[in-house]
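In: build me a structure from this.
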Amino acid sequence: MSSVEMVRGEEDARTNKVTDTDTNTNASKNSEKEMVILENISKAYNGNKTNRNSSNVNTSRSGSSTVLFEHIVLDNLNLRITEGEFVTIVGPSGCGKSTLLNILAGIDTSYTGKILIDGASIKRSPDTDRIIIFQEGALFPWLTVYENIEFGLKIAKISKEKRREIVMHYIDLVQLTSFAHAFVHQLSGGMKQRVAIARALVLNPKILLMDEPFAALDVQTRRMLYDQLVKIHEKTNKTILFVTHNINEAVALGDRAIIISPKIAGIKKEFKIDLPRPRQLDHPLINSITNAIIEESKEMYTSNSYFTSRYGNYSTESKPDLELESPQSQLA
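Out: Purely as a prediction, here's the structure:
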């Protein structure tokens, strides 16, 4: 059972307190509606590989043999998310962050465990209750901004008049009114991601699943979209599960930041972030929580020297966009 780090923000940063609590104490209050419940979620990939040193009797003439292997990505993961909560997930490459989103989106169904969406089994929950937004917006280049956002509504056979009302509402919400009839190639990277967010919102999902949506953007555009996403969240009260490598991003956006560790194939620790929005990245509590996550993340690797050699004595002022990646990913 993982522990939970409760970080409670107060107006005076001098009163900062960080305490460890058992996971059960982080359960949702009875008055809050649980939108997502994951119980004992497990996922493994099975396959075979060539092993030249194996003593397996099925050795080929070349001296190699085929052996079976199982890679466990998630092992009895448990998580509860309340309605309207903004939860961020961080962890090194290959820890299962995107796999978890794919399971929730219904893309990956080969898992064990129980998932409830708004009180009902995920098998009975409409796919449109959960919309996923990827790092690349996956927009249709032959359609305009308006037509891209309208696409799902046309498939749902919504009337033309109603479609226009809904589409223009969300185009205004993501501040792209002047670009409603522009094509994808005429948009910046940040604009494309705003179109993708609007296209997801028009279907009125209960949950937004966001898989590193800002990873390919420059720092300035990314921070602008932080503000816009926070405003959208405040206006729509959507439940958001947001995967990222960026620790500052996780802390700046989330009500909770969850660390997934590949060593335990599950949640290592949770950080509750009680800070008003919008948040300043140089706020003492942001620095405190970010540094705490870094310390927890060091233990995911066989040696702490990787973090030391790459980041030294970490400072959020000198490195405001720390990316949490596995050592192997740096060699690619």
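In: give the partner strands of the helix or strand hosting F271 in its sheet and their orientations.
Out: If you go by DSSP states H and E, F271 is part of strand 266-274. Sheet pairing for strand 266-274, assigned by DSSP bridges, gives strand 3-8 (parallel), strand 256-261 (antiparallel).
In: least confident of those, on average?
Out: Confidence, taken as mean pLDDT, is least for strand 3-8 of the strands paired with strand 266-274 (a mean of 36).
In: quick one: the strands in the protein?
Out: Along the chain, the segments classed as strands by DSSP state E run 3-8, 17-22, 34-51, 65-82, 86-90, 112-117, 120-121, 130-133, 207-211, 239-243, 256-261, 266-274.
In: could you dump the ones you listed to CSV with distance to G189 and mean neighbour count?
Out: To be clear about C-beta, it is placed using only N, CA and C from the backbone, and glycine gets the same treatment. Shown next, in CSV, are the strands of the chain (distance: least, C-beta to C-beta, whole Å; neighbours: other C-beta atoms under 10 Å):
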stretch, distance to G189, mean neighbour count
strand 3-8, 32, 18
strand 17-22, 36, 11
strand 34-51, 29, 15
strand 65-82, 29, 16
strand 86-90, 21, 24
strand 112-117, 31, 16
strand 120-121, 37, 11
strand 130-133, 14, 23
strand 207-211, 15, 23
strand 239-243, 18, 25
strand 256-261, 25, 24
strand 266-274, 27, 19
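In: reformat these as JSON lines; add distance to K160.
Out: Shown next, in JSON lines, are the strands of the chain (distance: least, C-beta to C-beta, whole Å):
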{"stretch": "strand 3-8", "distance to K160": "49"}
{"stretch": "strand 17-22", "distance to K160": "53"}
{"stretch": "strand 34-51", "distance to K160": "32"}
{"stretch": "strand 65-82", "distance to K160": "36"}
{"stretch": "strand 86-90", "distance to K160": "34"}
{"stretch": "strand 112-117", "distance to K160": "31"}
{"stretch": "strand 120-121", "distance to K160": "32"}
{"stretch": "strand 130-133", "distance to K160": "22"}
{"stretch": "strand 207-211", "distance to K160": "26"}
{"stretch": "strand 239-243", "distance to K160": "30"}
{"stretch": "strand 256-261", "distance to K160": "41"}
{"stretch": "strand 266-274", "distance to K160": "43"}
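In: show me the one of these that comes nearest L139.
Out: Nearest to L139, of all those, is strand 130-133, at 11.1 Å by C-beta to C-beta.
In: counting contacts, what elements does that closest one pack onto?
Out: helix 97-105, helix 189-201, strand 207-211 (3 or more C-beta pairs under 8 Å, 6 or more residues apart in numbering; DSSP states H and E).
In: ok, which of those comes nearest Q280?
Out: Going by C-beta to C-beta, the one of the helices and strands packed on strand 130-133 nearest Q280 is helix 189-201, 20.7 Å.
In: so L208 sits against I133, correct?
Out: Yes - counting by C-beta atoms under 8 Å, L208 does reach I133; the two are 6.7 Å apart.
In: what touches both of these two?
Out: Both L208 and I133 are contacted by I197, A200, under the criterion C-beta atoms under 8 Å, 6 or more residues apart in numbering.
In: from K43, how far off is the residue lying closest to A265 once chain neighbours are set aside?
Out: Among residues not flanking A265 along the chain, D75 sits closest, at 3.8 Å (C-beta to C-beta, 6 or more residues apart in numbering). In this structure, D75 and K43 are 8 Å apart, going by C-beta to C-beta, to the nearest Å.
In: same thing with F140?
Out: For F140 relative to K43 (C-beta to C-beta), the value is 31 Å.
In: take the helices and strands packed on strand 130-133 and lay them out in a markdown table including mean pLDDT and distance to D218.
Out: What follows is the helices and strands packed on strand 130-133, written out as a markdown table (pLDDT from 0 to 100; distance: least, C-beta to C-beta, whole Å):
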| stretch | mean pLDDT | distance to D218 |
| --- | --- | --- |
| helix 97-105 | 93 | 22 |
| helix 189-201 | 93 | 8 |
| strand 207-211 | 94 | 18 |
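In: Throw those into JSON lines and include distance to D282, thanks.
Out: Below are the helices and strands packed on strand 130-133 laid out as JSON lines (distance: least, C-beta to C-beta, whole Å):
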{"stretch": "helix 97-105", "distance to D282": "27"}
{"stretch": "helix 189-201", "distance to D282": "22"}
{"stretch": "strand 207-211", "distance to D282": "24"}
